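[1] Sequence first, predicted coordinates after that:
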Amino acid sequence: MTTRTAISTRWHSRFSFILAATAAAVGLGNIWKFPYIMGENGGGAFVLVYLVCIFAIGVPVLIGELLIGRRGRNSPGFAAQNLAKESGAHKSWQVTGWMTMGTGFVILTFYSVIAAWAFSYIFKSASGQFAGAGTIEIEEIYTNMTGSVSELLLFTSLLIAATVFVVGKGFKHGLERAVRLLMPAMLILLAIIAIYAAQIGDFGAAVNFMFRPDFSELTINGVLIALGHAFFTLSLASGVMIMYGAYLPKETSIVSTSMWVAVADTFVALLAGLAIFPIVFGYALTPGEGPGLIFQTLPLAFATMPAGILVATVFFVMLVLAAFTSAISMIESSVAFLVEKFALNRWQAALTSGLVLWTLSLLTIYSFAGAEWTVLNWHFFGTEMVNIFNVIDHITSNVMLPLGGLAVALFTGWAIKGQFTRDELGGHPAIYNLWRFCVRYLAPLAIIIIFMQLIGVIRF
Ligand code: PFF
Ligand code: NA
């Protein structure tokens, strides 16, 4: 067996890492998904449960992933392999790295298509298609877009090409630099929209909705959704944070940077809520409409609000920026893997990953646009129609992410030598012990309970 060289590239600074990890975490999950699942699950009480999940389970797993990356110093699969070996643990533990890396890649195959929706909405907004439009027109714009192979193909291809370009340029000149430019831009745009929304919308109703918990609105299923989303939103169990950990300098505190990333991601999710819900309530729209919240509900307000064309355009530009920096983070680990395994250069590796990604994204595109293709759309038990996208989305979010999170928790809590984890985390013993309790007992138990519930509600 040849010995792989350990990754020697490092983040430029601690701040640069926090920015990049936050940019990876902040994406469609914060702006598209969080507001609509909050809307569907009754607001305030859901937010509280979500916060508990982020800090009691998400942060410990995030710490575990950064630790695996930094100690392993390779792309996720190899990093876990190195660490299992070094710990004298069974070699099957390396599956933690391979599985999470695979999950991230599969998520990216549909993530880039949803990002393409937002991309195409920039042009629809800017050309004034929403101006004065009513429910029926907006519904039509939405179904025409998701039904158009050429449109989805165009925008998905552009997004993937841009991702390949940035990652191909290398770590410092591509990824790190892109994030340094795009992330602040995204935050500024979001802040502007939130301020404007507070002016023209019903800010009080939004705050009430988001921060006044009404536990009668919360179901057990809502709790499950909150946990699953805690993983998704922090980009856990998808190889991303293990990969980013591999570039982390030895002296950076993993515990405190993890806290920062979680706080920043949560802040953006709440800010997105404060940008969207004042508009929703101010324009007498309903918050619980599901995935169409920003693609169908929100445009109804853009249609009539002052400067609506501009606000809509800025909103979707901001969304694409957020999604793009997440897409970059997801492809990084497969690129690093190809470089390590086959000694490709960054460009070759990025192009190869991009090509595979593009091909697999066709599955999602045709799931929407090729509804008449029976190969991709099945009727199970003659009831609901599912397509490949539903299956991929369901399996990654509800099966792969919890399983991957469980693997990370068990791997770092039980399989890796305690001496190594203590060495990596340093700091106060009480904090180390708290973390260890979380990854050994709390997180696995919570994940298993929730996972079993989810299995119970799988319905095809
Ligand atoms: N954290 C991203 C978001 O909230 O949009 C989603 C995500 C990115 C999940 C990257 C998984 C991943 F590998
Ligand atoms: Na997120």
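    Received the coordinates, thanks. Keep in mind it's a predicted model, so treat the numbers as computed, not measured. Ligands and ions are numbered 1, 2, ... in the order given.
[2] and the top helix by length along the chain, anywhere near ligand 1?
    Counting residues, the longest helix in the chain under DSSP state H turns out to be helix 308-342. Yes: using C-beta under 6 Å from any ligand atom, helix 308-342 reaches ligand 1 at Ser326, Ser329, Met330. (C-beta placed from N, C-alpha, C; glycine too.)
[3] List the buried residues for that helix?
    For helix 308-342, burial by neighbour count (16 or more other C-beta atoms under 10 Å) applies to 308-309, 311-340.
[4] Need the mean per-residue confidence for it.
    If you average the pLDDT over helix 308-342, you get 97.
[5] Whether it contacts ligand 2 - can you check?
    No: applying C-beta under 5 Å from the ion, one finds helix 308-342 separated from ligand 2 by no less than 7.4 Å.
[6] Off-centre distance for that helix?
    Offset of helix 308-342 from its chain centre (C-alpha atoms, centre = their mean, to the nearest Å): 10 Å.
[7] C-alpha coordinates for the first helix or strand past it going along the chain, PDB please?
    Remark: after helix 308-342, the chain's next helix or strand is helix 346-369, criterion DSSP states H and E. Extracted in PDB, the C-alpha atoms of helix 346-369 (Å, rounded to 0.1, in the frame of the first residue of the first chain):
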ATOM      1  CA  ARG A 346      -7.200  20.100  -9.200                       C
ATOM      2  CA  TRP A 347      -8.600  20.900 -12.700                       C
ATOM      3  CA  GLN A 348      -8.800  17.300 -13.700                       C
ATOM      4  CA  ALA A 349     -10.400  16.300 -10.500                       C
ATOM      5  CA  ALA A 350     -12.900  19.100 -10.500                       C
ATOM      6  CA  LEU A 351     -13.900  18.400 -14.100                       C
ATOM      7  CA  THR A 352     -14.400  14.700 -13.400                       C
ATOM      8  CA  SER A 353     -16.500  15.400 -10.300                       C
ATOM      9  CA  GLY A 354     -18.500  18.000 -12.200                       C
ATOM     10  CA  LEU A 355     -19.200  15.600 -15.000                       C
ATOM     11  CA  VAL A 356     -20.400  12.900 -12.700                       C
ATOM     12  CA  LEU A 357     -22.500  15.400 -10.800                       C
ATOM     13  CA  TRP A 358     -24.000  16.800 -13.900                       C
ATOM     14  CA  THR A 359     -25.000  13.400 -15.200                       C
ATOM     15  CA  LEU A 360     -26.600  12.500 -11.900                       C
ATOM     16  CA  SER A 361     -28.400  15.800 -11.600                       C
ATOM     17  CA  LEU A 362     -30.400  14.700 -14.700                       C
ATOM     18  CA  LEU A 363     -32.200  12.300 -12.500                       C
ATOM     19  CA  THR A 364     -33.700  15.200 -10.500                       C
ATOM     20  CA  ILE A 365     -34.300  17.300 -13.600                       C
ATOM     21  CA  TYR A 366     -36.200  14.600 -15.300                       C
ATOM     22  CA  SER A 367     -38.100  13.800 -12.100                       C
ATOM     23  CA  PHE A 368     -39.700  17.200 -12.500                       C
ATOM     24  CA  ALA A 369     -39.600  17.900 -16.100                       C
END
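[8] Counting by contacts, list what helix 346-369 packs against.
    helix 95-126, helix 149-168, helix 308-342, helix 388-395 (3 or more C-beta pairs under 8 Å, 6 or more residues apart in numbering; DSSP states H and E).
[9] ok, Ile448 - contacts?
    Ile448 is in contact with Leu406, counting by C-beta atoms under 8 Å, 6 or more residues apart in numbering.
[10] That one looks like it's in a helix, true?
    Yes: counting by DSSP: H, G, I helix; E, B strand; the rest coil, Ile448 is located in a helix.
[11] how far off helix 308-342 does the host helix or strand of Leu62 point, in degrees?
    Element membership of Leu62 [criterion: DSSP H and E] is helix 59-72. Interaxial angle, helix 59-72 versus helix 308-342 (axes from the mean of the first three to the mean of the last three C-alpha atoms, to 10 degrees): 40 degrees.
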